[in-house]
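1. Here is my input; please provide its structure:
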Amino acid sequence: MKAVGDRRRGFIVRDRRSRAIRSKAAPLAAYALAVTLVAAGATPAYAGADTERPTAPGPITVVAIDTTSVELTWAASTDNVGVVRYPVGAQFEDSGAQYSTDTNSIRITNLRPSRTYTFSVWALDAAGNSSVSNPTLRLTMPPGDDQPPSAPGQPVAYDVAATVVGLRWAHSVENVALDRYEVFRVDVGGTLTRVREVYQYPPVNSAQISGLAPNTTYTFVVRARDEVGHLSPLSAPVTVTTLPPPPSCAVRSVVRQWPDGFVAHLVVENTGSTTIDGWTMTWRFWASQQVQGIWGAKVVDRLNNSYLRVSNTGRNAVVPPGGTVSLGLVATGTQLPEEITLNGGLCTVADE
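-> This is a model prediction of the structure:
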């Protein structure tokens, strides 16, 4: 019995069945190797060599929709090797999210009622080629909100300055999603002038109102608006008077310094034409520095760990035009009093 072939006239003659088996075995082995590579996370040679893009998916259509979710479908893309997934984008104004599916449909949840989204879809193949000229769908979700927000709490003024006022208030209660707060100035005759909009991404219940006139009385109210456009009642009003313009001032300083500390004596002069009745002063002071002694003033706090803020004592609150107030400081560190302000006004400094 001949296992492979026989010798005839000095030649080896191969069995045709054996040759046929071997000719089929080579592609099967190559296929098995490719399957093994894919299973191990490698990219087959044919995928790496694929540079042909999939065709664009067909138009996006809505299968089902409610107030917070939508099911979308589209005609499948074609590709010379095969589409592996469809990324799907959902864009609302300047924010968005991306999803993925390996079929030609998807259900997207956690959307917001009455919002208008732009959905997009594109195809990717195993080599990472992406389709072009992809479809989009602009879709407004059904309304799910038929209640207006409650009125915001009465604003409270803080950090009042000559031209800026801070306002904060208690949040409105909203059954779905709050879109923004609107801050209004109440003018003569009750006319409302909107001065700020505070969008709720993330939620914020405060605002700074700038561009005000010094030493002027203002009244403000706040109103809430939800994403559907429902308006709350107006809040109770708050009335606040801005501070006078910052005083002009000059500071003379006498400093004695050692390697890790100093003593400074400051004489502050009111160079303006208005009497100062109550004052705060700030100057540069590093977080690592410590106050070891102070006179003529009392420490209030540190601002952003970069400035020391002090205020008047009970005996030197009033500084008439041309008048002066004296204070002193013993502290650690090497940062001397610089960038000195008096009631928000930057003082000129002259060393002695």
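
2. Can you list the low-confidence ranges for this structure?
-> 1-48, 350-352 (pLDDT under 70).

3. Would you map out the domains in it?
-> Following automatic domain parsing, one finds the domains of the chain at 14-43, 61-140, 156-241, 249-351.

4. Now mean neighbour count too, for the ones you listed, in JSON lines please.
-> All C-beta spots, glycine's among them, are computed from the backbone N, C-alpha and C. Below are these laid out as JSON lines (neighbours: other C-beta atoms under 10 Å):
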{"stretch": "domain 14-43", "mean neighbour count": "11"}
{"stretch": "domain 61-140", "mean neighbour count": "16"}
{"stretch": "domain 156-241", "mean neighbour count": "16"}
{"stretch": "domain 249-351", "mean neighbour count": "16"}
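
5. May I see those domains arranged in TSV, with distance to Ser150 as well?
-> Shown next, in TSV, are these (distance: least, C-beta to C-beta, whole Å):
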stretch	distance to Ser150
domain 14-43	55
domain 61-140	19
domain 156-241	4
domain 249-351	35
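
6. Glu52 is nearest to which of the ones you listed?
-> Glu52 sits nearest to domain 61-140 of all those, at 4.8 Å, using C-beta to C-beta.

7. out of the domains of the chain, nearest to Gln147?
-> Among these, domain 156-241 comes nearest to Gln147, with 5.0 Å by C-beta to C-beta.

8. quick one: that closest one to chain centroid distance?
-> Distance of domain 156-241 from its chain centroid, counting by C-alpha atoms, centre = their mean, to the nearest Å, is 21 Å.

9. give the contact list for the nearest residue to Pro59 once chain neighbours are set aside.
-> In this structure, Pro59 finds its nearest non-sequential neighbour in Pro135, 5.1 Å apart by C-beta to C-beta, 6 or more residues apart in numbering. By C-beta atoms under 8 Å, 6 or more residues apart in numbering, the residues touching Pro135 are Ala56, Pro57, Gly58, Pro59, Ile60, Trp74, Ser120, Val121.

10. how about 10 Å then?
-> Ala56, Pro57, Gly58, Pro59, Ile60, Thr61, Trp74, Ala75, Phe119, Ser120, Val121, Trp122 (C-beta atoms under 10 Å, 6 or more residues apart in numbering).

11. now the second one, what's its secondary structure?
-> Classification of Pro57 into helix, strand or coil gives coil, according to DSSP: H, G, I helix; E, B strand; the rest coil.

12. What does it show for phi and psi?
-> Main-chain torsions, Pro57, degrees, to the nearest 10: phi -60, psi 160.

13. Could you do Gly296 as well?
-> Phi and psi for Gly296, reported as degrees, to the nearest 10, are phi 80, psi 0.

14. With adjacent residues omitted, what lies nearest to it?
-> Leu327 (3.2 Å).

15. Can you check my assumption that the one you found lies in a strand?
-> Yes - the assignment for Leu327 by three-state DSSP puts it in a strand.

16. Do I have it right that it meets His265?
-> Yes - assessed by C-beta atoms under 10 Å, Leu327 is found in contact with His265 at 7.9 Å.

17. which residues touch Ala90?
-> Applying C-beta under 10 Å, 6+ apart, the residues near Ala90 are 70, 72, 96-99, 106, 108, 110-111, 115, 117-120, 139.

18. quick revisit: return the member of the contacts of Pro135 nearest to Arg256.
-> Nearest to Arg256, judged by C-beta to C-beta, of the contacts of Pro135 is Ser120 at 69.9 Å.

19. List the neighbouring strands of the helix or strand the closest one falls within plus their orientation.
-> Using DSSP states H and E, Ser120 sits in strand 116-121. If you go by DSSP bridges, strand 116-121 pairs up with strand 83-92 (antiparallel), strand 136-140 (antiparallel).

20. quick one: Gly293 and His265 touch, right?
-> No - counting by C-beta under 10 Å, Gly293 does not reach His265; the two are 11.9 Å apart.

21. intersection of neighbour lists for those two?
-> By C-beta under 10 Å, 6+ apart, Gly293 and His265 have these common neighbours: Gly328, Leu329.

22. need the next SSE after the strand holding Ser120, C-terminal direction.
-> Counting by DSSP H and E, the element after strand 116-121 in chain order, helix or strand, is strand 124-125.

23. by contact count, what packs against that following strand?
-> Packing contacts for strand 124-125, counted by 3 or more C-beta pairs under 10 Å, 6 or more residues apart in numbering; DSSP states H and E, involve strand 83-92.
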